[in-house]
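Visitor: Here is my input; please provide its structure:
(one chain, ligands or ions: 1)
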Amino acid sequence: MLKGRLFVISGPSAVGKGTIINEILNLKDRVSLSVSATTRAPRAGETEGVSYYFLTHEDFEARIKNDGFLEYAYVHGNYYGTPKAHVEEYLEKGWDVILEIDVQGAMKVKESYDGGAYIFILPPSIKELRNRINKRGTESAEAAELRMSKAMGEIEYLDKYDYFIINDDLDEAVNAVSAIMTSEHQKIDESAEALLNRFKEEN
Ligand code: 5GP
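Guide: Below you'll find the model as predicted:
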């Protein structure tokens, strides 16, 4: 059976990554979003195991020791990490897996995993990004400013990614991600060998 593909999606906070990804999950079959683990406190409306796995610092560090993360990073004073088991299990059974992670995490995945596709979501403008971050209103002015300066730092990593999408119109952005996912499946890589072998067996 052909293995699934790994899609790493990054971009500044409030750029609309989560909304785009939810639309993709509704649109496409056999796609799984990796749920990250974090030590930060849940925000209003966030659910354990859906938004994140909320762990204590001690639990998180124990899992680091046990090699339980594909990658992890320390962001805004908290740990965030991608649990390894889920990703491996789903890729193995032929599902695509999406990781929504920051640039630090994405660069670490790039070092340890061959063959992922890296997608960067951009705002239409920096002014619009500032509006979207302020509109969230879940945090203090300082926290919003911190996110803004982190966003500017993240954008510097754009050239390390394979694809960029400007999230101006949601439908267009979703279509673009969907098209990237489809074309990644047509790429010739080690799965070509599995395909050739299947044809030879059939012959
Ligand atoms: P938030 O606290 O707003 O949910 O996320 C803060 C930042 O952590 C975002 O940039 C988000 O993309 C990033 N993040 C979420 N999950 C992970 C993860 O598993 N690994 C890494 N490296 N970053 C993550």
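
Visitor: any idea how far whichever residue of the chain sits closest to the ligand lies from residue 94?
Guide: Closest residue of the chain to the ligand, Cβ to the nearest ligand atom: residue 105 (2.3 Å). Yep, even glycine has a C-beta here, placed from its N, CA and C like the rest. Taking Cβ to Cβ, to the nearest Å as the measure, residue 105 falls 24 Å from residue 94.

Visitor: what sits against residue 61?
Guide: Contact analysis of residue 61 by Cβ atoms under 8 Å, 6 or more residues apart in numbering lists residue 79.

Visitor: Phi and psi next, for it.
Guide: Residue 61 adopts backbone torsions of phi -70, psi -30, taken as degrees, to the nearest 10.

Visitor: Could you list the low-pLDDT ranges of the protein?
Guide: 1, 137-138 (pLDDT under 70).

Visitor: who's more crowded, residue 105 and residue 94?
Guide: residue 105 (23 against 12; other Cβ atoms under 10 Å).

Visitor: in what helix or strand does the closest residue to residue 13 other than its chain neighbours lie?
Guide: Closest residue to residue 13 apart from its sequence neighbours, by Cβ to Cβ, 6 or more residues apart in numbering: residue 147 at 4.9 Å. In this structure, residue 147 sits in helix 141-155 according to DSSP states H and E.

Visitor: would you put the C-alpha positions of that helix in CSV?
Guide: Only the C-alpha atoms of helix 141-155 are listed here, as CSV (Å, rounded to 0.1, in the frame of the first residue of the first chain):
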residue,chain,number,x,y,z
ALA,A,141,-1.6,44.2,24.4
GLU,A,142,1.9,42.9,25.3
ALA,A,143,1.1,39.4,24.2
ALA,A,144,-0.4,40.6,20.9
GLU,A,145,2.8,42.6,20.3
LEU,A,146,4.9,39.6,21.1
ARG,A,147,2.9,37.6,18.5
MET,A,148,3.4,40.4,16.0
SER,A,149,7.1,40.5,16.4
LYS,A,150,7.3,36.7,16.3
ALA,A,151,5.2,36.8,13.1
MET,A,152,7.8,39.1,11.5
GLY,A,153,10.6,36.7,12.5
GLU,A,154,8.7,33.7,11.1
ILE,A,155,8.1,35.3,7.7
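
Visitor: wait, residue 99 sits on residue 109?
Guide: Yes - in this structure residue 99 lies within contact range of residue 109 using Cβ atoms under 8 Å: 6.7 Å.

Visitor: where do the contact lists of these two overlap?
Guide: Common neighbours of residue 99 and residue 109 (Cβ under 8 Å, 6+ apart) are 6, 8, 70, 82.

Visitor: Same question for the helix or strand that contains residue 197: list its buried residues.
Guide: Using DSSP H and E, residue 197 sits within helix 190-202. Residues of helix 190-202 classed as buried by neighbour count (16 or more other Cβ atoms under 10 Å): residue 191.

Visitor: Spell out whether stretch 83-94 and the ligand are in contact.
Guide: No - for stretch 83-94, no contact with the ligand is found by Cβ under 6 Å from any ligand atom; the gap never falls below 8.2 Å.
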